[in-house]
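Asks: no FASTA, just this:
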């Protein structure tokens, strides 16, 4: 009778050592289970003892699994058992893999080996991706076996994909915030417009990794897979930051938000640089923050100039505003104007300019707009004023907007376009039915 395995020897290894001196015979007198039928070539088969050891290891792993975490039993780097949860997390290859390095994608194998090479106690945790499911992130730690007569160790496997994605998102937000803060600090110390453009380009490219970022003057619509964000500065012509070269992916909302933040930090620096060159744009309306009449005139002249593309003017007059002032006071009237300005900003297109041109009068400049586009902007303005304005103390002020618009082609007189839009607005105000009026003037760019 054969002697039992010695204490301190792995059971599978003890059985293999016990059978080492016996002639090659199986239960039925055929080839042994430790070699292939031909005696050479092919992968070695497991002995009966090794198969028993693997079954025992699988039972141990299954009993040790908890809370969705898996257990893989290893001997050095050799897999001797996997629990069902580990098979699900790692992939079906875990059933047939013989070495732990077969489970991970190649670049994450060192992380697994670092966990296995620790000495004593728990080794890890370590992040890695399974080869069968490379879009999943797992976190593992290795714990030595509690029995002194076994070399087995237990590797825990937990799905950390959600935590990894959230951590990556926070890291990216921090990286973008640092880049934006660095750009804003440099912009404060720079008084040259060309240098400011270079700084903005460098900032955006360092974060988005795009091939090209430029600041364009005008109303060009960016191509597909590009980002175009208006710069709210007071230059004579509207300008925007355009990011090209994003052909490898479509920009997402975070990309657009970052470029918008860069544009917001760039605008005051450009205005300051223009002022030091003697071309400072006029200040905005102090109460509402909208463009002033002077800025509107400059941009309208550029849109109707030789290099312009024509424009539409949407003239707006606030109805029942005097009633608000008489009933609630001028302080409440100022609050209504501020809220109206906020709603107007939300109703216009990105490169449109909304200006306060009188006490309760507003103008929207729509460069290169057709009749349909100007009408859409007008309808959105009227809809934006349908809701009452909430005042302190729970009071509400109800106002509305009379709107008229007109269009002009390049080479037209800006003052004539403004007068035409003003006339259309008054025609709308005299009408009790139609809040929007369009004046089809002889110089309109309806095509």
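Replies: Okay, I see it. A quick note: this is a predicted structure, and the numbers were derived from the prediction, not measured. Numbers count the residues shown, from 1 in each chain.

Asks: name the nearest residue to residue 243, sequence neighbours excluded.
Replies: residue 227 (4.2 Å; CB to CB, 6 or more residues apart in numbering). No exception for glycine: its C-beta is placed from N, CA and C like everyone else's.

Asks: any idea how far the one you found lies from residue 341?
Replies: Noted for residue 227: a distance of 26 Å to residue 341, by CB to CB, to the nearest Å.

Asks: hang on, the residue nearest to residue 243 packs against residue 255?
Replies: Yes: in this structure residue 227 lies within contact range of residue 255 using CB atoms under 8 Å: 6.2 Å.

Asks: identify the contacts common to the two.
Replies: Taking CB atoms under 8 Å, 6 or more residues apart in numbering as the criterion, residue 227 and residue 255 both touch residue 243.

Asks: stretch 330-347 - what's its average pLDDT?
Replies: For stretch 330-347, the per-residue pLDDT values average out at 92.

Asks: again but with stretch 167-180, I slipped
Replies: For stretch 167-180, the per-residue pLDDT averages 89.

Asks: over to stretch 285-297?
Replies: The average pLDDT within stretch 285-297 is 86.

Asks: one more: stretch 226-233?
Replies: For stretch 226-233, mean pLDDT is 75.

Asks: endpoints of it, how far apart?
Replies: Start and end residues of stretch 226-233 are separated by 21 Å (CA to CA, to the nearest Å).

Asks: also stretch 387-399?
Replies: 8 Å.

Asks: tell me where the protein has helices.
Replies: In the chain, the helices defined using DSSP state H lie at 11-18, 48-64, 84-90, 93-96, 109-116, 161-188, 193-208, 253-276, 293-303, 321-328, 330-347, 371-384, 414-430.

Asks: among these, where is the model least confident on average?
Replies: helix 11-18 (a mean of 38).

Asks: next, count neighbours for residue 327.
Replies: By the criterion of other CB atoms under 10 Å, residue 327 has 12 neighbours.

Asks: who touches residue 207 in this structure?
Replies: 175, 176, 179, 258 are the contacts of residue 207 under CB under 8 Å, 6+ apart.

Asks: follow-up on the earlier one: tabulate the helices of the chain (JSON lines), appending distance to residue 135.
Replies: JSON lines is the format used below for the helices of the chain (distance: least, CB to CB, whole Å):
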{"stretch": "helix 11-18", "distance to residue 135": "35"}
{"stretch": "helix 48-64", "distance to residue 135": "25"}
{"stretch": "helix 84-90", "distance to residue 135": "13"}
{"stretch": "helix 93-96", "distance to residue 135": "15"}
{"stretch": "helix 109-116", "distance to residue 135": "17"}
{"stretch": "helix 161-188", "distance to residue 135": "8"}
{"stretch": "helix 193-208", "distance to residue 135": "23"}
{"stretch": "helix 253-276", "distance to residue 135": "20"}
{"stretch": "helix 293-303", "distance to residue 135": "49"}
{"stretch": "helix 321-328", "distance to residue 135": "58"}
{"stretch": "helix 330-347", "distance to residue 135": "39"}
{"stretch": "helix 371-384", "distance to residue 135": "42"}
{"stretch": "helix 414-430", "distance to residue 135": "56"}
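
Asks: nearest to residue 133, out of these?
Replies: Among the helices of the chain, helix 84-90 comes nearest to residue 133, with 7.5 Å by CB to CB.

Asks: and that closest one, what does it pack against?
Replies: Contact analysis of helix 84-90 by 3 or more CB pairs under 8 Å, 6 or more residues apart in numbering; DSSP states H and E lists strand 70-75, helix 93-96, strand 152-159 as its packing neighbours.

Asks: and among the ones you listed, the most buried is which?
Replies: Of all the helices and strands packed on helix 84-90, strand 70-75 carries the top mean neighbour count, a mean of 24, counting by mean count of other CB atoms under 10 Å.
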